[in-house]
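# Provided below are the primary sequence and the corresponding predicted coordinates.
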Amino acid sequence: MIEEQLLLELTNITKHYGGLAALSNVSFNVARGEVKGLIGPNGAGKTTLLNIISGLTEETSGTVLFDGADITSLPAHRVAGLGIARTYQNIRLFEEMTVEQNLLLGRHTRTRSGMVSSLLLLPRQRREERALRGDADALLQRMDMLDRRDAVAGELAYGDQRRIEIVRALAADPALLLLDEPSAGMNESETEQLGRFILGVRDQGVTILIIEHDMNLISQVCDQVVVLNFGEVISQGTPQQVQGDPLVIEAYLGREEDR
Ligand SMILES: Nc1ncnc2c1ncn2[C@@H]1O[C@H](COP(=O)(O)OP(=O)(O)OP(=O)(O)O)[C@@H](O)[C@H]1O
Ligand SMILES: [Mg+2]
């Protein structure tokens, strides 16, 4: 019974870049419906782990189970098709396209008609297209960004671009959403709004694994947190527990002295 509650199971994930062990035997699970935080100092291996889950980077060893199925060696498009969506540490929007066009492209990773045919608007796709536009509007409304629908993505403020990236990932209707430092570049009130939005997404039934440096956001949204340092899990627990863990405090202070 307990096994059925696990949406993502990472077992002994290891990644070597030449002589550098970016990840060493990283194992943890993400339960269905949970918001799990992934924190750690710069270079700890957080993004590498997200890249491995989403099929962009090949692990040296270890296994990734999603909804009980082994997805370890699947390419990124197959992983996306199974219901894992993500955002990137560096924004990857189509800058010359409007917000709505970006969302429609995000959506088409999960629909039958391809991206090209949808842009050509072949007659039999029109009905689907209208439904998708409605979905995109609803998502924008939920993020309180409907007024940005026709804006050119690259002309939006940085914080707005980050939020649009999350909306685009959600447009693919994922079961698991991977966020890589979503609050980067946002001010305090934008970050708080982002936190409320993330909790709203969770309430809609989406499981979330979030990399974040902002501990207020982590405390606001995460049930459990995993702490990486030099590619190893050094602590796990509630946001409060890990923040009080001497190993975690030392990891952050130690890195600062190195700088
Ligand atoms: N393609 C690559 N080739 C070689 N080394 C890499 C590569 N990608 C990452 N690394 C190294 O792996 C380690 C982990 O990097 P990663 O980007 O996963 O860290 P991070 O925890 O996401 O850091 P940050 O908080 O700065 O984003 C770093 O030492 C990094 O330099
Ligand atoms: Mg990173």
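Yep, that arrived. Numbers count the residues shown, from 1 in each chain. Ligands and ions are numbered 1, 2, ... in the order given.
# contacts only, for Ile91.
Ile91 makes contact with 158, 161-162, 165 under the criterion C-beta atoms under 8 Å, 6 or more residues apart in numbering. Where you see a C-beta, it was placed from the backbone N, CA and C, and this is true even at glycine.
# is there a quick ChimeraX command that grabs whichever of those are buried?
In ChimeraX syntax, the buried subset of the contacts of Ile91 is picked out as below (16 or more other C-beta atoms under 10 Å):
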select :161,162,165
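# so which of the contacts of Ile91 are also by ligand 1?
Near ligand 1, judged by C-beta under 6 Å from any ligand atom, there are no entries from those.
# when you compare pLDDT across the contacts of Ile91, which one is lowest?
Among the contacts of Ile91, Tyr158 has the lowest pLDDT, at 83.
# that one - nearest residue in space that isn't next to it in sequence?
Gly185 (4.2 Å; C-beta to C-beta, 6 or more residues apart in numbering).
# ok so, going back, for the contacts of Ile91, which one is nearest ligand 1?
Arg162 (14.8 Å; C-beta to the nearest ligand atom).
# next up, the contacts around that closest one.
Contacts of Arg162 (C-beta under 8 Å, 6+ apart): 87, 91, 182-186, 194.
# next, it: phi, psi?
With angles defined as degrees, to the nearest 10, Arg162 sits at phi -60, psi -40.
# how about stretch 203-217: buried residues?
206-212, 214, 217.
# please identify the helix or strand for the residue nearest to Tyr158.
Assigned by DSSP states H and E, Gly185 falls within no helix or strand.
# per-residue confidence at it?
For Gly185, the model assigns a pLDDT of 84.
# element containing Val226, please.
Assigned by DSSP H and E, Val226 belongs to strand 224-229.
# which of the buried residues of stretch 203-217 fall in strands?
Counting by DSSP state E, the part of those found in strands is 207-211.
# from those, which is closest to ligand 2?
Closest approach to ligand 2 among those (C-beta to the ion): Ile211, at 6.4 Å.
# for that closest one, give its distance to Gly55.
Distance, Ile211 to Gly55, using C-beta to C-beta, to the nearest Å: 17 Å.
# go through the contacts of Ile91 and name the one nearest Val227.
Nearest to Val227 among the contacts of Ile91 is Arg162, at 23.5 Å by C-beta to C-beta.
# so where's the stretch 1-150 of the chain uncertain?
Applying pLDDT under 70 to the stretch 1-150 of the chain flags residues 1-4, 108-133.
# spell out which parts of it neighbour ligand 1.
Residues of the stretch 1-150 of the chain lying near ligand 1 by C-beta under 6 Å from any ligand atom: 17, 20, 22, 40, 42-48, 89.
# among those, which ones are in strands?
Using DSSP E, 17, 20, 22 are the members of those that sit in strands.
# and those as a markdown table, adding neighbour count?
A markdown table is the format used below for these (neighbours: other C-beta atoms under 10 Å):
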| residue | neighbour count |
| --- | --- |
| Tyr17 | 11 |
| Leu20 | 11 |
| Ala22 | 24 |
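# turn those residues into a markdown table, including distance to Arg149.
Shown next, in a markdown table, are those (distance: C-beta to C-beta, whole Å):
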| residue | distance to Arg149 |
| --- | --- |
| Tyr17 | 41 |
| Leu20 | 44 |
| Ala22 | 39 |
